[in-house]
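In: Quick one, structure for this:
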Amino acid sequence: MPQTTSLPVLPDQPPSGRRLPHWLKRPLPIGDAMLQTRRLIDGLKLNTVCVEARCPNLTECWTRGTATFMILGDECTRRCAFCAVGTAKPEPPDEQEPRRVAEAAAHLRLRHVVLTSVARDDLPDEGSTHFSRCVEAVRETLPNSTIEVLVPDFHGKIDLIRIVTDARPNIYNHNIETVASQQKRMRPAARYDRSLNVLRTVKRIAPGMLTKSGIMVGLGETREELVTTLRDLIEHECDMLTIGQYLRPGERYAPVERYYPPEEFDELSQIAKRLGFKAVASGPFVRSSYFAETLLDETAAGGQ
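Out: Residues are numbered from 1 along each chain as shown. Now for the predicted structure:
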């Protein structure tokens, strides 16, 4: 592993006030391309994480004609303190959804397709078979496109992880979300070590498959905890990383403890690359699938 003794130091700062800092304000583009994407998604009765998680990048991505498909319904079996997706007893998986996802991806002419989902702890296979069917449907329809899955932890069950890896997505993405000290507060149904082991398990099953994870900042973590988390991800063979600012979806969600300025995201990116990540996206508006195709290109180019 690369030497880390000369990593740059990030200063700790007191919590920010309620008002958004200027770097988190930007014009929202609206145009025909965005409206066409919305009509397509609605017409095929599909869900997107863009809408359900209230992503701040929705208008930008939809204007570009891209979207992250959220399969297996819009109700989650878990309740995370940062996530705007609803929690309820979900409906059974829609058997026609893989076909509709593939059709939407083809209409949008996507060269990189991202599939994510709610947690489905209610299902015997926790939704892994449905993920596999969606990957296969997209690959059949768009054989030249790359596919990324952003999956729940499947409780770390090797047989369920294998169902997804056997479908051969190009990237297996599972988010660590936050540092170890904040896990119980922010994602009580998940486990820090379990999420790390999911990434290592993927590499054991499919050594050539790219692994990816993401972390939010601004939840009360320290600089030292962030660096420890990045080291833990590298030690568990994570190839790609996203780092973004946590933004509170509403009053009932966890508050923002601190807004990181852009220059600190740049420093975090430098730290991550020194630790050995092949590709890093780090910035206030970065999310797990934001410009995901660009991050894949960076990995293919050797991180240059």
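In: contacts and neighbour counts: CA atoms only from here.
Out: Will do.
In: do you know how far residue 253 is from residue 68?
Out: For residue 253, the distance to residue 68 equals 23 Å [C-alpha to C-alpha, to the nearest Å].
In: More neighbours: which of these two?
Out: Remark: of residue 253 and residue 68, residue 68 carries more neighbours, 27 against 15, as counted by other C-alpha atoms under 10 Å.
In: close enough to count as contact, the more buried one and residue 115?
Out: Yes. With contact defined as C-alpha atoms under 8 Å, residue 68 counts as touching residue 115 (6.0 Å).
In: any residues in contact with both of those two?
Out: Common neighbours of residue 68 and residue 115, counting by C-alpha atoms under 8 Å, 6 or more residues apart in numbering, are absent.
In: For residue 115, pull up the helix or strand it's in.
Out: strand 112-117 (DSSP states H and E).
In: tell me the average confidence for that strand?
Out: Mean pLDDT, strand 112-117: 91.
In: So which elements touch it?
Out: Packing contacts for strand 112-117, counted by 3 or more C-alpha pairs under 8 Å, 6 or more residues apart in numbering; DSSP states H and E, involve strand 68-71, strand 146-150, helix 292-300.
In: Reformat these as JSON lines; add distance to residue 124 and mean pLDDT.
Out: Supplementary listing: these in JSON lines, determined by distance: least, C-alpha to C-alpha, whole Å; pLDDT from 0 to 100:
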{"stretch": "strand 68-71", "distance to residue 124": "17", "mean pLDDT": "86"}
{"stretch": "strand 146-150", "distance to residue 124": "19", "mean pLDDT": "94"}
{"stretch": "helix 292-300", "distance to residue 124": "30", "mean pLDDT": "73"}
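In: want to throw those into JSON lines with distance to residue 188?
Out: Listed next are the helices and strands packed on strand 112-117 as JSON lines, based on distance: least, C-alpha to C-alpha, whole Å:
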{"stretch": "strand 68-71", "distance to residue 188": "22"}
{"stretch": "strand 146-150", "distance to residue 188": "19"}
{"stretch": "helix 292-300", "distance to residue 188": "27"}
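In: of all those, which lies closest to residue 209?
Out: Comparison of these against residue 209 by C-alpha to C-alpha identifies strand 146-150 as nearest, at 10.6 Å.
In: strands paired with the closest one, and their directions?
Out: strand 112-117 (parallel), strand 171-173 (parallel) (DSSP bridges).
In: Just want the angle from whichever helix or strand comes after the longest one to strand 112-117.
Out: Scanning forward in sequence from strand 112-117, with DSSP H and E defining helices and strands, the next element found is helix 128-141. Orientation note: helix 128-141 sits at an angle of 160 degrees relative to strand 112-117 (axes from the mean of the first three to the mean of the last three C-alpha atoms, to 10 degrees).
In: elements contacting helix 128-141?
Out: Checking 3+ C-alpha pairs under 8 Å, 6+ apart, helix 128-141 ends up next to helix 97-107, strand 146-150, helix 158-165.
In: Compute the mean per-residue pLDDT across the helix or strand harbouring residue 264, please.
Out: Per DSSP H and E: residue 264 is located in helix 262-275. Helix 262-275 shows an average pLDDT of 96 in the prediction.
In: just how off-centre is it within its chain?
Out: Using C-alpha atoms, centre = their mean, to the nearest Å, the mean C-alpha position of helix 262-275 is found 18 Å from that of the whole chain.
In: Pull out the buried residues from that helix.
Out: The neighbour-count check on helix 262-275 (16 or more other C-alpha atoms under 10 Å) flags 262, 264, 265, 267, 268, 269, 270, 271, 272, 273, 274, 275 as buried.
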